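Enquirer: need a structure here:
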Amino acid sequence: MATTKSTLSAKELRDIKKRLVDERKELETQLTTIEEDAFSGPQSEMAGDPGFDDENADVGTSTFERERDLSIENNVRDLIRKIDDALERIEKKTYGICEICGKAISKTRIEALPYAELCIKDAQAQSRSR
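Expert: As a prediction, this is how the structure comes out:
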């Protein structure tokens, strides 16, 4: 695999790094809020144990909400990991290079998805193979 140099200028990299750092801070705030909300309900709600006066629908709603919050939490954690990986690639000077083919990732893709690890061609191929 021949490695290509990134087509991003130093200013573009600084701007992307700032954007990633800002987005990471926002996600950390969201994660803290989600975790605080998860532990703020009564113990019986968190365990999924119905109280004496709970209806089955209420238990189902609370279970759905817990599962939704857990899914959101997992998505936020995944985005934080992707941002951390992108910041590491910036430091290693490999940011903007596809991890599969070694070619430059298009600026359009990076603007839309600043933590992209793959060029659009390899990302599509990878999603089809799943």
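
Enquirer: switch to C-alpha atoms for all contacts and neighbour counts from now on
Expert: OK.

Enquirer: how near is residue 20 to residue 95?
Expert: Counting by CA to CA, to the nearest Å, the gap from residue 20 to residue 95 is 12 Å.

Enquirer: With residue 78 instead?
Expert: 18 Å.

Enquirer: of those two, who's got more company?
Expert: residue 95 (26 against 12; other CA atoms under 10 Å).

Enquirer: Check the secondary structure at that one for me.
Expert: Classification of residue 95 by DSSP: H, G, I helix; E, B strand; the rest coil places it in coil.

Enquirer: spatially speaking, which residue is in the middle of this structure?
Expert: residue 79 (1.2 Å; CA atoms, centre = their mean).

Enquirer: and it, backbone torsions?
Expert: phi -60, psi -40 (degrees, to the nearest 10).

Enquirer: ok, it - contacts?
Expert: Listed by CA atoms under 8 Å, 6 or more residues apart in numbering, the contact partners of residue 79 are residue 27.

Enquirer: could you redo the last one with a cut-off of 10 Å?
Expert: 23, 24, 27, 73, 85, 115 (CA atoms under 10 Å, 6 or more residues apart in numbering).
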